[in-house]
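Enquirer: following is a predicted model, sequence given first.
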Amino acid sequence: MTEFPPTAAERLRVGGLVPLTTLDFPGQLACVLFCQGCAWRCGYCHNPELIRKGAAYDIPWPELLAFLQRRRGLLDAVVFSGGEATLQPALPAAIQQVRELGFKVGLHSAGIKPGSLQRVLPLCDWVGFDVKALEEETTMITGISGSGQANWRSLELLLGSQVAYECRTTVHWQLFDCRRLQRLAERLAGLGVSHFVVQQVRSQRMLDPNLGPSITPPEAEALWPYMQQLFPRFELRSA
């Protein structure tokens, strides 16, 4: 494992902390660190304050490290979320310090930079991976050209690793329809994805003010049993 100087992790920009969760790393008592910065502009994003790296609210890494030291023996894991944590060069050093304290490491990522994801995968115990849409349709979600290639290349890297994972897709029904979601699920199943989660948008706080409430179409009720047949493990959640 690469050794980092003690100060390398101090450049990690963290804009929020959830001190205790049972939802963000399955089977583990964890805290979540919300890292600043994201290169995509998903309309349903409900953490727009994290998009810009260097936002006003910034928790210093030494303060977070002190919090984690007090939680040794009480928490099982630390989850790095965002924004997009892998965009920060300080992430590997921060993960190393967390592991040295005895915590497992979870990562929430959309694989915006496949090379960055590849560097941190060996340091992770579990990854919650956001599959935005079919590769050729991802720009419609992110607003960024080329995002589909990055998203799906990172998915390949994750599936080729030995890291435990779940793949999840956030669905706002103004951006998805049932046929599009079915095609996505079938392609993921064909790649061997074993755990797939559909997260239906329920939040009223979104980056794109033109997106109204996400109203589930009646035909979706017939789609969920089909998903259960496609995947060894399928879950339906609210986001």
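Expert: Nice, thanks for sending it over.
Enquirer: strands of the chain, residue ranges please.
Expert: Along the chain, the segments classed as strands by DSSP state E run 14-21, 30-35, 77-81, 104-109, 126-130, 164-171, 195-200, 233-238.
Enquirer: quick one: closest of those to residue 141.
Expert: strand 164-171 (8.4 Å; CB to CB). Placement of C-beta: from N, CA and C, glycine included.
Enquirer: pLDDT below threshold where in this protein?
Expert: 1-6, 54-57 (pLDDT under 70).
Enquirer: mind doing that once more with 50?
Expert: Regions of the chain meeting the criterion pLDDT under 50 are absent.
Enquirer: re earlier: indicate which one of the strands of the chain is closest to residue 184.
Expert: Proximity to residue 184 (CB to CB) singles out strand 164-171 among those, at 6.4 Å.
Enquirer: helices or strands up against the closest one?
Expert: The contact analysis (3 or more CB pairs under 8 Å, 6 or more residues apart in numbering; DSSP states H and E) places strand 164-171 against strand 126-130, helix 147-160, helix 178-190, strand 195-200.
Enquirer: now residue 111: how far from residue 158?
Expert: Note on residue 111: its distance to residue 158, by CB to CB, to the nearest Å, is 7 Å.
Enquirer: looking at those two, which is more packed in?
Expert: residue 111 (25 against 22; other CB atoms under 10 Å).
Enquirer: pretty sure residue 142 contacts residue 42?
Expert: Yes: using CB atoms under 8 Å, residue 142 is in contact with residue 42, at 5.6 Å.
Enquirer: who touches both of the two?
Expert: residue 132 (CB atoms under 8 Å, 6 or more residues apart in numbering).
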